[in-house]
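Chemist: Model the structure of this input:
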Amino acid sequence: MDGRLQLFAGNAHPALAESLSRELELPLGRAIVDQWRNGESRVKLDENVRGSDVFVLQPTCTPVNHHIMELLLIIDALKRASASRITAVIPYYGYAKQEKKTSGREPISAKLVANVLTVAGADRILAVDLHAPAIEGFFDIPVDHLRATPLLARAFRDQVKDGDVVVVSPDAGGVARAEDFRRRVGGSLAIISKQHPGPDATETLDMVGDVDGKLAVIVDDMISTGGTLIEAVQMLKDRGASRIHVVATHGIFAANAVDLVMASDIERIFVTDTLPPPSAAAGKVEVVSVAHLLAEAITRMHKGLSISALFT
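Modeler: Below is the predicted model:
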């Protein structure tokens, strides 16, 4: 890009915005992002972006709808202010679990969010560990999909020095992710088979693999309500696992998930800061920052360099 690099952010994750600004050695763009008295979101850019290569950081975390609307308005403002290229940096992509129809007369919400981001004026998307690979195909614009597994594997190796490790995938769909983690930390692999009888409800079926006397590491892309996680932990304990750790990219911790994990047999949880981490679980949660990864990806995108080279 010939235009200068600029970084803006919504209100979803100020701490990550500040960390990313430091990593890029670039000040956050000046803008008013707040609400009118009637509850409507308000956005006003306070600096020139004409011809610039602009990146907008906004994980669409709770309250999801509000933060999506903020992001859309920022993108629209940048487009109307003649920014040369607008990249939505969405570390956590809300509605990602609603990427398909499970019954009749349901929306495909993840696709709808992709549509409105494109219509608003986004030229590219930068995301971290999308829940379903199909979401990349929902966009008619380029999507750069970053993986947090290398960061989490490095943090795990640095913190956990001993133990016969077995990496556990909590479902069949996460086997590739778990195997990638296993190749980086060593050990064996186990897989839990499960089904979803209803929304946010999980029924565990069985497990393949030996965990008896081993340090079990559950690897998943997100911790939401914690129901799946707690059932997996109980199964591992019943099968003789000596210690249990958890590794997940997105720590959503919805509903009473924090209480569940704090009362569980989980020794430590490794998550990234794609969402604001829960302070109530500080005793068990180790937060790994994605700021450097995002900064490296943004720099490469701005200079027209390969993103996939980050993961070779």
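Chemist: how many other residues sit next to the residue lying closest to Ala134 once chain neighbours are set aside?
Modeler: The spatially closest residue to Ala134, leaving aside those adjacent along the chain, is Glu99, at 5.7 Å (Cβ to Cβ, 6 or more residues apart in numbering). (C-beta placed from N, C-alpha, C; glycine too.) Each residue near Glu99 was counted by other Cβ atoms under 10 Å, and the total is 20.
Chemist: what does Ile75 give?
Modeler: With other Cβ under 10 Å as criterion, Ile75 counts 27.
Chemist: before we move on, what about the one 5 residues further on?
Modeler: Burial of Arg80 is recorded as 11 neighbouring residues (other Cβ under 10 Å).
Chemist: how far away is it from Leu73?
Modeler: 11 Å (Cβ to Cβ, to the nearest Å).
Chemist: what's the answer for Asp265, then?
Modeler: 44 Å.
Chemist: swap in Asp144?
Modeler: Taken as Cβ to Cβ, the span from Asp144 to Leu73 is 23 Å.
Chemist: any idea which element the spatially most central residue of the chain lies in?
Modeler: The residue lying closest to the centre of the chain (Cα atoms, centre = their mean) is Tyr92, at 3.7 Å. Secondary structure from DSSP states H and E places Tyr92 outside every helix and strand.
Chemist: residue contacts, it?
Modeler: Contacts for Tyr92 (Cβ atoms under 8 Å, 6 or more residues apart in numbering) come out as Pro59, Thr60, Cys61, Val128, His250, Ile252, Thr274, Leu275.
Chemist: Adding neighbour count and secondary structure, write the residues you listed out as TSV.
Modeler: Output for those, formatted as TSV (neighbours: other Cβ atoms under 10 Å; DSSP: H, G, I helix; E, B strand; the rest coil):
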residue	neighbour count	secondary structure
Pro59	27	coil
Thr60	26	coil
Cys61	19	coil
Val128	25	strand
His250	25	strand
Ile252	21	coil
Thr274	28	coil
Leu275	23	coil
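Chemist: Do a quick rundown of the helices in the stretch 151-300 of the chain.
Modeler: Under the criterion DSSP state H, counting those that start in this stretch, the stretch 151-300 of the chain contains helices at 175-185, 227-238, 257-262, 291-303.
Chemist: Need the ones you listed in a markdown table (columns: mean neighbour count and distance to Pro14).
Modeler: As requested, the helices of the stretch 151-300 of the chain are arranged in a markdown table below (neighbours: other Cβ atoms under 10 Å; distance: least, Cβ to Cβ, whole Å):
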| stretch | mean neighbour count | distance to Pro14 |
| --- | --- | --- |
| helix 175-185 | 17 | 29 |
| helix 227-238 | 20 | 28 |
| helix 257-262 | 18 | 21 |
| helix 291-303 | 19 | 13 |
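Chemist: Include distance to Ile32 and mean pLDDT when you put those into a markdown table, please.
Modeler: Output for the helices of the stretch 151-300 of the chain, formatted as a markdown table (distance: least, Cβ to Cβ, whole Å; pLDDT from 0 to 100):
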| stretch | distance to Ile32 | mean pLDDT |
| --- | --- | --- |
| helix 175-185 | 39 | 96 |
| helix 227-238 | 39 | 92 |
| helix 257-262 | 33 | 93 |
| helix 291-303 | 23 | 97 |
